[in-house]
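Fold the following and give me the result.
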Amino acid sequence: MPARFYEQEVKSALKDKRKLSAFLDSLVTKYRKGTRKSDLTYIFCSDEHLLQMNQQFLQHDTFTDIITFDLSEGDEVLTGEIYISVDRVKENAEKFGTSYKDELHRVIFHGALHLCGFKDKKTADKAMMRAKEDESIAAYNKALAK
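Residues are numbered from 1 along each chain as shown. Reported below is the predicted structural model:
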């Protein structure tokens, strides 16, 4: 099933959703062994909405750019909901000197990579996650250019 993208009272400016959906499906197949399909739902929202979710579900009272929920019931289909703060993505793009588009894709891939089992709490895990994000952005941009 293709990834679905929703905007909750924000505009994400996300383009090429069908190509992105196909790329995400191939990303999941590549990194999550035994998984044949993905069923990912991305919800773009505001800082305030994601803060409320962070407080309610994770007991964290901080802004974040992404919250990922693994809703899978088995190994064959990876099912997840990924909430992304467009406000955080915009701020982080400026902070890290990158384009909004690249930062948005980084966070989109970050959520899928989490669902595939990649972590980012320890220093070594963060480095691996960043490398996989960079690799995914480069591969996706190459696929778009075709």
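
Find the nearest non-adjacent residue to R18, please.
Nearest residue to R18, sequence neighbours excluded (Cβ to Cβ, 6 or more residues apart in numbering): P2, at 7.1 Å. (C-beta placed from N, C-alpha, C; glycine too.)

Please apply the same query to R4.
Leaving aside its chain neighbours, R4 sits nearest to T41 (5.0 Å; criterion: Cβ to Cβ, 6+ apart).

for F69, same thing?
F69 sits nearest to E81 (Cβ to Cβ, 6+ apart), 4.6 Å away.

With S38 instead?
S38's closest residue in space is V28 (Cβ to Cβ, 6+ apart), at 4.0 Å.

Next: L58.
I67 (7.1 Å).

how about that neighbour, phi and psi?
Main-chain torsions, I67, degrees, to the nearest 10: phi -130, psi 130.

Now do the residue nearest to R18: how many residues are near it, please.
Using other Cβ atoms under 10 Å, P2 has 15 other residues around it.

OK, contacts around the closest residue to R32 other than its chain neighbours?
Closest residue to R32 apart from its sequence neighbours, by Cβ to Cβ, 6+ apart: C116 at 4.4 Å. Contact analysis of C116 by Cβ atoms under 8 Å, 6 or more residues apart in numbering lists L27, V28, Y31, R32, L78.

follow-up on the earlier one: and the residue nearest to R4, which of the three is it?
Following DSSP: H, G, I helix; E, B strand; the rest coil, the label given to T41 is strand.

from memory it sits against I82, does it?
Yes: the pair T41 and I82 qualifies as a contact (Cβ atoms under 8 Å) at a distance of 7.1 Å.

Give me the more crowded residue out of the two.
Neighbours per residue, other Cβ under 10 Å: of T41 and I82, the larger number sits with I82, 24 against 16.

Not counting sequence-adjacent ones, nearest residue to the most centrally placed residue in the chain?
Taking Cα atoms, centre = their mean, the centroid of the chain lies closest to I108, which sits 2.5 Å from it. Of all residues not flanking I108 in the chain, Y42 sits nearest, at 6.5 Å (Cβ to Cβ, 6+ apart).
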